[in-house]
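Asks: Show me the folded form of this:
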Amino acid sequence: MGRNLVIVESPSKAKTIEKYLGADYSVKSSMGHIRDLVKKGLGVDIQHGFAPNYEVDSDKVKLVKELTAAAKKADAVWLASDEDREGEAIAWHLAEVLDLPADKTRRIVFHEITKPAILHAIDNPRSIDMNTVNAQQARRILDRLVGFELSPLLWRKVRPSLSAGRVQSVTVRLIVEREREIMGFASADYWRVVAEMYPVSEAGKAGPMFKAELSRRLDTREEAQAFLIQCAGASFAVTGVEEKPAMKYPAPPFTTSTLQQEAGRKLGMSVSQTMSVAQKLYEQGLITYMRTDSVNLSGQALAAAKQAVTGLFGAEYSGTRNYKTSAKGAQEAHEAIRPSYFERQTIEGAAAEKRLYELIWKRAVASQMKPAEIDRTIVKIGADNGIREHFTATGEVIRFDGFLRLYSESVEDGDSADGGVSSSAVLPKMAAGDRIGAWEIAATQRFTQPPARYSEASLVKKLEELGIGRPSTYAPTISTVITRGYVTKQSKEGTRRDYAQLFLKGGAIGERALSEKVGKEASRLSPTDIGMLVNDYLEAQFPEILDYNFTARIEREFDEIAEGNERWDEMIARFYAPFHVSIEGAMGTERTDTHQTRVLGVDPATGREVSARIGRYGPMVQIEAAAEGEKPRSASLKKGQLVVSITLEEALELLSLPRSLGEWEGKEVVIGVGRFGPYVRYDGKFSSLGRKDDPYTVSLERAVEVIREKAAAGEPLRVFAEEPDLLIKNGKWGPYIAFSGKNYKLPKGVDVALLTMEEVREIVAVADSSGVGVSASKKVSAPKKGVAAKKASGGKKK
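Replies: Model (predicted):
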């Protein structure tokens, strides 16, 4: 072993760093944190300045012994954990647990795992920054206090086994409030008027077609029809043309939150998936550190980016610039997320790693390119018959594409206008006074839209805007609220909606009946009934804890601790005193009625009441019993349905199961939903329906197909008359041989239909002799003690 011991968090990071250091350095991994607050009890001594009580994780005891032994043999120990607060805390815990002497301990940091960066860090060691450590300690201790005191309160007052966290609770509140906005939204229709027009030359020749939109929306069908009647006898002309140059600038290189947002929009990655892939890229030395609030690039990076732009697109595309961070409470001192080597456009590896790397490379390079130069034209068109409104046509021409040649930032679904005319169209040349012809003027019925549910990307954006959380907390916060069952992530196919279009063409007014798909959602976040219940309780009892400004203020106080401007224990004391009083006060209140029933109406078939509530096993609907003592019929809600919003029609559909489809071959076919999902029950046997099968609409014909498919799957593919016990069956992983209670794997490329009995016996014999490709056809469990053991041993007690 070398005279120097370097400790990092992960084995892959250790492997990369080891390539850059000589034989005098041994690089080992701590596998993340080696200790945390004790799991049993609070783990914080409130009476003695909130002193934390740490313990080494049980699965790290052996590793700690190994690191301790290695540290004793080394002349110097280099703590090379990440340079954020979490990394600084890991370095401090290592120094404490390994009992490292100050004179042989070096703290080194780097924002990219490249040879120059590693060697520069070795040449510039420092001591552990206790202000940064204390900021992380304060966050950990405060969150433990909140969780430890809030969770038992929820168990008593709301429901057992619930838990709550400081940032998680505020995150749930955002999602609940958005859901209630959607539930309370009343859609109203209006009419948007768009004309297909063309310029008319002095000789009466028609020019290229373009679209223009009326300057205002019309409120009613009658108003839309009246407007078209007015237009029927009108002549149109250009009343004004405005041409102005515009510049479109590139977005800055990625921070943690903007990477999470853009990877979600462009690549369909979840926040946690984005961070997991980015971590791998960082540890392989391919990108800079991925937890950062900074949009800054180093001088070396700026020079490398300039060289890349010039080499790929020419000097006229190079536009060196550095950005300044504007996010609330930005704390990181290092760079934006960028490629370690700008000359490397693509990488080898998993598909997700390639795609994310390419996104990071493009964004960083594009940030150092010149802005796009655009000529924007706005043409106003009026009528000659006293119509006050005017039509507006907007177009733009890209004179110089600049950064757009490489990259353009995407927008969240739903951010664009509802059916508006594109402003990127190219308009024909027009001047004031030019005559304009109208090919068709259409008034289309549109509908106001409710606010969109949050995606993970838009939720991260909102959290950052409010100053809630930090780069390292976004992913675990979202994962936690989903795992705890307070929030669900789901997609919806949407439904068809009819709408009308009135149009004026050739002097006559007509009408079209059209339809469109609306309400389609992809991976959107919705609260569950339990999430809404917990949120309402916490808002009522602890309004300050769930206040957005209060949560953001706590984050700023952590920043002050990191800067050395505030003592961590005093900050915790100021928070805890009123919080604990609120907890004690809430303990004296009445228990929340989680079983509150919402009556939906009456079942038209039976006349009995249908209701919805949260039952023992979750949200449910039920129809009251026909007679006293009879158990009410009930059904669980589907994913995405809520007690507060489910309708009578939806409830009756849920209660329609199990339902009989009729008989097949003299036996009843029944559809139901069980523990493992929708099924077909026939002749006492159960067959699972397919993913695309809707149990509420599936037909008898499809159900019979499912029954037959299951029966066919159990039948052997080949049977040999000379050897009835020798069978070829079709299994989960393909065809296999079954013989004498054992299963035998078939060689790749074998045609089952052409196999002879002798060839099958040879495969069995080879497998038996080698022990390869053979397994028991049925697992035999060990005999249980007592009666079962006696039976297994022939009744004799051993």
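
Asks: use CA for all of it now, contacts and neighbours both
Replies: Fine.

Asks: Confirm residue 322 sits in a strand?
Replies: No. The assignment for residue 322 (DSSP: H, G, I helix; E, B strand; the rest coil) gives coil, which keeps it out of a strand.

Asks: which ones are touching it?
Replies: For residue 322, the contacting residues are 295-297, by C-alpha atoms under 8 Å, 6 or more residues apart in numbering.

Asks: at 7 Å instead, please
Replies: If a contact means C-alpha atoms under 7 Å, 6 or more residues apart in numbering, then residue 322 has 296-297 as its contacts.

Asks: quick check: longest helix of this protein.
Replies: For the chain, the helix with the greatest residue count under DSSP state H is helix 130-157.

Asks: And that helix, what's buried?
Replies: 130-139, 141-142, 144-154, 157 (16 or more other C-alpha atoms under 10 Å).

Asks: Which elements pack onto that helix?
Replies: Helix 130-157 makes packing contacts with helix 85-97, helix 548-562, helix 568-587 when contacts are defined by 3 or more C-alpha pairs under 7 Å, 6 or more residues apart in numbering; DSSP states H and E.

Asks: Can you give me the neighbour number for the closest residue to residue 117 other than its chain neighbours?
Replies: Computed as C-alpha to C-alpha, 6 or more residues apart in numbering, the closest residue to residue 117 that is not its neighbour in sequence is residue 110, at 6.1 Å. The burial metric for residue 110, expressed as a neighbour count using other C-alpha atoms under 10 Å, is 20.

Asks: So for residue 110, what's the pLDDT?
Replies: The predicted structure scores residue 110 at 91 on the pLDDT scale.

Asks: Next: the one 5 residues further on.
Replies: According to the per-residue confidence, residue 115 scores 92 in pLDDT.

Asks: need the contact list for it.
Replies: Shown in contact with residue 115 (C-alpha under 7 Å, 6+ apart): residue 20.

Asks: Please report the distance of it from residue 286.
Replies: Residue 115 sits 12 Å away from residue 286, taking C-alpha to C-alpha, to the nearest Å as the criterion.

Asks: same thing with residue 53?
Replies: 38 Å.

Asks: between those two, which one's more packed in?
Replies: Set side by side, residue 53 and residue 286 give different neighbour counts by other C-alpha under 10 Å, the larger being at residue 286 (21 against 14).

Asks: Tally up the residues packed near the closest residue in space to that one that isn't next to it in sequence, please.
Replies: Beyond its immediate neighbours in the sequence, the residue positioned closest to residue 286 (C-alpha to C-alpha, 6+ apart) is residue 340, lying 5.3 Å away. When neighbours are counted by other C-alpha under 10 Å, residue 340 registers 21.

Asks: Verify the stated contact: residue 340 with residue 288.
Replies: Yes. When contacts are counted by C-alpha atoms under 7 Å, residue 340 is listed as touching residue 288 (6.0 Å).

Asks: shared neighbours of those two, anything?
Replies: Taking C-alpha under 7 Å, 6+ apart as the contact rule, the neighbours common to residue 340 and residue 288 are residue 112.

Asks: re earlier: could you pull up the residues touching the residue nearest to residue 286?
Replies: Listed by C-alpha under 7 Å, 6+ apart, the contact partners of residue 340 are 112, 285-288.

Asks: secondary structure element for residue 63?
Replies: For residue 63, the enclosing helix or strand under DSSP states H and E is helix 61-73.

Asks: Relative to whichever helix or strand comes after that helix, what are the paired strands and their orientations?
Replies: Once helix 61-73 ends, the next helix or strand along the chain (criterion: DSSP H and E) is strand 76-79. Here strand 76-79 is paired, per DSSP bridges, with strand 4-8 (parallel), strand 105-107 (parallel).

Asks: ok, and what's touching stretch 506-522?
Replies: By C-alpha under 7 Å, 6+ apart, the list of residues contacting stretch 506-522 from outside reads 232, 490-504.

Asks: Any of those residues buried? List them.
Replies: Among these, those buried by neighbour count (16+ other C-alpha under 10 Å) are 232, 500-504.

Asks: Quick check: the farthest pair among those?
Replies: With distances taken as C-alpha to C-alpha, the most widely separated pair in the buried ones among the contacts of stretch 506-522 is 232 and 500, at 19.4 Å.

Asks: where in this structure is pLDDT low?
Replies: Applying pLDDT under 70 to the chain flags residues 1-2, 326-333, 412-424, 592-595, 675, 732, 773-774, 776-798.

Asks: which among the buried ones among the contacts of stretch 506-522 gets closest to residue 536?
Replies: Sorting these by how near they are to residue 536, with C-alpha to C-alpha, puts residue 500 at the top with 41.1 Å.

Asks: just checking, the closest one is part of a strand?
Replies: Yes. With three-state DSSP as the criterion, residue 500 is located in a strand.

Asks: Spit out the contact partners of it.
Replies: 444-445, 512-514.

Asks: Can you report how many residues lie near residue 238?
Replies: For residue 238, the count of nearby residues is 21 (other C-alpha under 10 Å).

Asks: strands paired with the strand or helix carrying it, and their directions?
Replies: Element membership for residue 238, per DSSP H and E: strand 236-248. Taking DSSP bridges as the criterion, strand 236-248 pairs within the sheet with strand 372-383 (antiparallel), strand 435-447 (antiparallel).

Asks: On the three-state scheme, residue 356 is what?
Replies: Three states are possible here, and by three-state DSSP the one that applies to residue 356 is helix.

Asks: Quick check: the gap between residue 92 and residue 107.
Replies: Applying C-alpha to C-alpha, one obtains 9 Å for the distance of residue 92 from residue 107.

Asks: hmm, back to that, from the contacts of residue 340, which land in strands?
Replies: Among these, no member is found in strands (DSSP state E).

Asks: Next, format these as a markdown table and append distance to residue 324.
Replies: Putting the contacts of residue 340 into a markdown table (distance: C-alpha to C-alpha, whole Å) gives the following:
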| residue | distance to residue 324 |
| --- | --- |
| 112 | 20 |
| 285 | 25 |
| 286 | 24 |
| 287 | 20 |
| 288 | 18 |
